[in-house]
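Novice: mind folding the following:
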Amino acid sequence: MDRPAWAPPEIDLERPSTARIYDYMLGGLHNFAIDRQMAEQVLAVAPQLRISAHANRGFLRRAVKFLAAAGIRQFLDLGSGIPTVGNVHEAAHRVAPDARVVYLDADPVAVAHSRALVEDDERVTVLQADIRDTDAILANPRLNATLDLSQPVAVLIVAVLHFVPDADDPAALVGRLRDAVVPGSYLAISQVGAPTRALTPQEQAVADMYTRANPVALRTGEQVARFFAGLELVEPGLVDPARWHADEDVDELMPSYAGVGRKP
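Specialist: Got it, this is the predicted structure:
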């Protein structure tokens, strides 16, 4: 396979990547045949996953637009994946060209691709770190060279917290981030919800395949609401990602929750 110009030399083109599979589901171009093959196997059983991916990306894009219009000029995107279709820096820069963005992901594949894509934009920084290591993230000199944490910042944790098990206390993780930012800052969060019905055998097979590779913690709306403790929820509150500031109402295909909270 010929290596495209955007693919960093250290990336194995024959090994599928979760970040590139997600990019494919979003209609992006930064994926390979092996990623598309695996994605289609999953989508053949659970086609709603593509719609869910678009719903989360739509929420992210609308939240960034809302926050930039509210005066936020700094964005910290945790668990960012590959910043391709509907990415944070492009959405922010449409409203505020001076906005600064830090992308952070633990996946070296996502980080390598991200750095290749944004290396020419001095307003954007890409870091590799585990979102659970909040102290190291907040003390990172490259983050602090890009963002001024003495000023309001938007922390984006979109479609990430379901990969943080209860044993790692995700509510405490979010709380440390909330405490670290100044009043006037925002947190935007989305999380996959617990099923409201029994899964079909095919759906259960897909869920098992995903959880073997990436254990997923499905949570109720009440559990997700706890992530916003100490914050003022922006209207319309905690809703399906596809319905947050959406232009039209949509049917919910799988349980998910999203919201934006402001630190008073």
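Novice: what sits against residue 147?
Specialist: By CB atoms under 8 Å, 6 or more residues apart in numbering, the contact list for residue 147 reads 74, 76, 100, 102, 153. Every residue, glycine included, has its C-beta placed from N, CA and C.
Novice: can you tell me the closest non-neighbouring residue to it?
Specialist: residue 74 (4.8 Å; CB to CB, 6 or more residues apart in numbering).
Novice: how about the one you found, what does it touch?
Specialist: 99-101, 147-148, 151-154.
Novice: likewise for residue 183?
Specialist: Taking CB under 8 Å, 6+ apart, one finds 152, 263-264 in contact with residue 183.
Novice: that one and residue 193, how far apart?
Specialist: 30 Å (CB to CB, to the nearest Å).
Novice: surely residue 264 touches residue 233?
Specialist: No: counting by CB atoms under 8 Å, residue 264 does not reach residue 233; the two are 11.3 Å apart.
Novice: so between the two, which is more surrounded?
Specialist: Each of residue 264 and residue 233 has its neighbours counted (other CB atoms under 10 Å); residue 233 has more, 13 against 8.
Novice: for that one, name its beta-bridge partners.
Specialist: Taking DSSP bridges as the rule, residue 233 bridges to residue 261.
Novice: shouldn't residue 153 be in contact with residue 72?
Specialist: Yes: look at residue 153 against residue 72 with CB under 8 Å: they come within range, at 7.1 Å.
Novice: joint contacts of these two?
Specialist: With contacts taken as CB under 8 Å, 6+ apart, the residues that reach both residue 153 and residue 72 are 185-186.
Novice: tell me who's in contact with residue 159.
Specialist: Residue 159 makes contact with 56, 79, 190-192 under the criterion CB under 8 Å, 6+ apart.
Novice: at 10 Å instead, please
Specialist: Residues in contact with residue 159 (CB atoms under 10 Å, 6 or more residues apart in numbering) are 22, 52-53, 55-57, 59-60, 79, 81, 189-192, 241, 256, 258.
Novice: pretty sure residue 247 is in a strand, no?
Specialist: No: using DSSP: H, G, I helix; E, B strand; the rest coil, the secondary structure at residue 247 is coil, not a strand.
Novice: quick one: residues contacting it.
Specialist: residue 62.
Novice: from residue 117, how far off is it?
Specialist: Using CB to CB, which is the criterion applied here, residue 247 is 28 Å from residue 117.
Novice: kindly report the same for residue 123.
Specialist: According to CB to CB, residue 123 stands 13 Å off from residue 117.
Novice: now do the shared contacts for the two.
Specialist: Taking CB under 10 Å, 6+ apart as the criterion, residue 123 and residue 117 both touch residue 89.
Novice: show me which of those two is the more surrounded one.
Specialist: Between residue 123 and residue 117, counting by other CB under 10 Å, residue 117 is the more crowded of the two (20 against 15).
Novice: where does the stretch 1-150 of the chain dip in pLDDT?
Specialist: Applying pLDDT under 70 to the stretch 1-150 of the chain flags residues 1-14.
Novice: just the helices in it please.
Specialist: Taking DSSP state H, counting those that start in this stretch as the test, the helices found in the stretch 1-150 of the chain are 18-25, 33-45, 48-69, 88-95, 108-118, 134-139, 141-146.
Novice: which elements pack onto the first one?
Specialist: This points to helix 18-25. In terms of contacts (3 or more CB pairs under 10 Å, 6 or more residues apart in numbering; DSSP states H and E), helix 18-25 is packed against helix 33-45, helix 48-69, helix 108-118.
Novice: what's the angle between that helix and helix 108-118?
Specialist: Orientation check (axes from the mean of the first three to the mean of the last three CA atoms, to 10 degrees): helix 18-25 against helix 108-118 gives 60 degrees.
Novice: do a quick rundown of the strands in the stretch 151-264 of the chain.
Specialist: Taking DSSP state E, counting those that start in this stretch as the criterion, the stretch 151-264 of the chain carries its strands at 154-158, 186-192, 232-233, 256-262.
Novice: from residue 52, how far out is residue 67?
Specialist: Taking CB to CB as the measure, residue 67 and residue 52 are separated by 22 Å.
Novice: and the two? Which one has more around it.
Specialist: Each of residue 67 and residue 52 has its neighbours counted (other CB under 10 Å); residue 67 has more, 29 against 22.
Novice: many thanks, I have nothing further to ask.
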